[in-house]
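Colleague: okay, here's the prediction I keep looking at, along with the sequence it came from:
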Amino acid sequence: MVQYRSKAKVFLTGDKALDKKLSTLEGKVRNKIARKAIRKAAKPVLDAAKANVPVESGKLRKSLTIRALRKSSKNKFRVGARVTTRDGLFSGETFYGGFVEFGTATQAPRPFLIPALASNSGRVDSILREEIRTAIMDEAAKG
């Protein structure tokens, strides 16, 4: 199940069989599998965000990218990705991306990131599950 959290974070939960199989793999292998699956699952969100972003110069659209998030601790396994601008929503040459998404005191929001995620949540979920299952099977075949 894909869950939404504040700031458009997505968590894959509810597949205990996959979680159990992932937990049996070596840390580096597990992280590699998860990062690859998450990047592939984020691609439809990136494509939708690029299709929905308001365009004046095209710089904001060109700056949209998938960024890896790495959050692992001894007891928890977390790997993630986010669709954002190269420098962050309120930073760099396309600093105005955050203002477009969330609005300002004088400008109404014209969201493109959160709707991109919302319209692709089912695809994100299915791609993640399929990619992780396939990678686990490939690792098992290696011996």
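Modeller: Great, that's in hand.
Colleague: rest of the way, CA atoms for contacts and neighbours
Modeller: Noted.
Colleague: point to the helix or strand of this structure where mean pLDDT is at its lowest.
Modeller: Within the chain, no helix or strand scores below strand 2-5, which has a mean of 39 by mean pLDDT, DSSP states H and E.
Colleague: Gly92 and Arg86, how far apart?
Modeller: For Gly92, the distance to Arg86 equals 8 Å [Cα to Cα, to the nearest Å].
Colleague: compare those two (neighbour count), which wins?
Modeller: Applying other Cα atoms under 10 Å to Gly92 and Arg86 shows that Arg86 carries more neighbours, namely 18 against 12.
Colleague: ok, the closest residue to the more buried one other than its chain neighbours - contacts?
Modeller: Of all residues not flanking Arg86 in the chain, Ser63 sits nearest, at 5.4 Å (Cα to Cα, 6 or more residues apart in numbering). With contact taken as Cα atoms under 8 Å, 6 or more residues apart in numbering, Ser63 is in contact with Thr84, Thr85, Arg86, Thr94.
Colleague: nice, that's everything, thank you.
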